[in-house]
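Asker: Sequence first, predicted model second:
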Amino acid sequence: MTAYRVLVVDDEPQIQRFLKPSLNAAGYDVIAAVNGTEALKAAAMQAPDVILLDLGLPDMDGKDVIAELRVWSKVPIVVLSARDREAEKIAALDLGADDYVNKPFGIGELMARLRTALRHASNAAGEISKVISGDLVIDIAAHSVTRAGKPIKLTAKEFDLLTILARNAERVVTHRQILTAVWGPAHTEDLQYLRVFIGQLRHKLKGATDEPELIQTESGIGYRLVQPSE
């Protein structure tokens, strides 16, 4: 099996020194870039399967790198962010980043985010028709939802909301992305409206009272549908 190629874009030598052996040990090939110019060149010339991108680069903002890449590439991008401001993360995700990991980060979390981004990219060529999260089965093609084999009745908007979360399972979807996809660009600021629908959806999907929520809140940013491990 050919190893996945990861482009690590970060100007901190200690991050590069830490990530390369960790990624190699996990079976990834690693390409390094220390600024945005190098990153764009490497992305074009060496065709990485996934990019780990720091937002604070010496020659350009990481968000500009995302915007430039998204003109011609769908390569998954996982942002490495030391920036606390939610607006930075939201902007990166809205520009086309697939996920983000806060610095400092644990290698286990980072590997999980990489696997999710790669899995999503492999599914992107064809439309995902069914998503399974624990005992919840979302059959997008059949327009049906069941939990533990029992049908769950959703309104059209609730199903559309669940669909966008399901198609991006394990990835955070921003408020703006959800509102635009489900209600249209005129409703991108209707956060309270979205919260009401998320609440309704959670109530309908809820299983045992001690189970974690399948729809997790990314505070100030958006929502993520989780897929519990067996």
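Answerer: Perfect, I can see it now.

Asker: so where do the helices sit in the protein?
Answerer: Chain-ordered helices for the chain, with DSSP state H as the definition, fall at 13-25, 36-46, 62-72, 86-95, 107-124, 156-167, 175-183, 191-205.

Asker: so which of those helices gets nearest Ile132?
Answerer: Closest to Ile132 of the helices of the chain is helix 156-167 (Cβ to Cβ; 9.6 Å). Quick note: C-beta positions are derived from backbone N, CA and C, even for glycine.

Asker: Could you list the low-confidence segments of this structure?
Answerer: 1-2, 83-84, 123-128, 207-212, 228-230 (pLDDT under 70).

Asker: now the most centrally placed residue in it, nearest residue through space, not along the chain?
Answerer: The centroid of the chain falls nearest to Arg171 when counting by Cα atoms, centre = their mean (3.0 Å). With sequence-adjacent residues excluded and distances taken as Cβ to Cβ, 6 or more residues apart in numbering, Arg171 is closest to Asp99, at 5.4 Å.

Asker: Is that neighbour in contact with Val172, as I believe?
Answerer: Yes: in this structure, Asp99 is within contact of Val172 by Cβ atoms under 8 Å, at 6.3 Å.

Asker: contacting residues around Lys130?
Answerer: By Cβ atoms under 8 Å, 6 or more residues apart in numbering, the residues touching Lys130 are Val137, Ile138, Asp139, Ile140, Ala141.

Asker: and it, how far is that from Thr188?
Answerer: For Lys130, the distance to Thr188 equals 29 Å [Cβ to Cβ, to the nearest Å].

Asker: ditto for Val131
Answerer: 25 Å.

Asker: And the two? Which one has more around it.
Answerer: Of the pair Val131 and Thr188, Val131 is the one with more neighbours under other Cβ atoms under 10 Å, namely 21 against 17.

Asker: which residues does the more buried one bridge with?
Answerer: When bridges are called by DSSP bridges, Val131 pairs up with Ile138.

Asker: if I pick it, what's in contact with it?
Answerer: Going by Cβ under 8 Å, 6+ apart, the list of residues near Val131 reads Val137, Ile138, Ile140, Ala166, Arg167, Ala169, Leu225, Gln227.

Asker: circling back: most neighbours, which of the contacts of Lys130?
Answerer: Ile138 leads those on contacts (other Cβ under 10 Å) with 27 neighbours.

Asker: Verify the stated contact: that residue with Leu161.
Answerer: No: if you go by Cβ under 8 Å, Ile138 and Leu161 don't touch, sitting 11.3 Å apart.

Asker: count of neighbours near Leu93?
Answerer: Neighbours of Leu93 using other Cβ under 10 Å come to 24.

Asker: Give the closest residue to it in space, chain neighbours not counted.
Answerer: Per Cβ to Cβ, 6+ apart, closest to Leu93 is Thr174, 4.9 Å.

Asker: Equivalent analysis for Glu218, please.
Answerer: Val172 (4.7 Å).

Asker: Can you get me a residue count around the one you found?
Answerer: 22.

Asker: Return the distance of it relative to Asn35.
Answerer: In terms of Cβ to Cβ, Val172 sits 26 Å off from Asn35.

Asker: In this structure Asn35 contacts Pro58, no?
Answerer: Yes: under the criterion of Cβ under 8 Å, Asn35 makes contact with Pro58 at 5.3 Å.

Asker: who has more neighbours, those two?
Answerer: The neighbour comparison of Asn35 against Pro58 (other Cβ under 10 Å) goes to Asn35, with 16 against 9.
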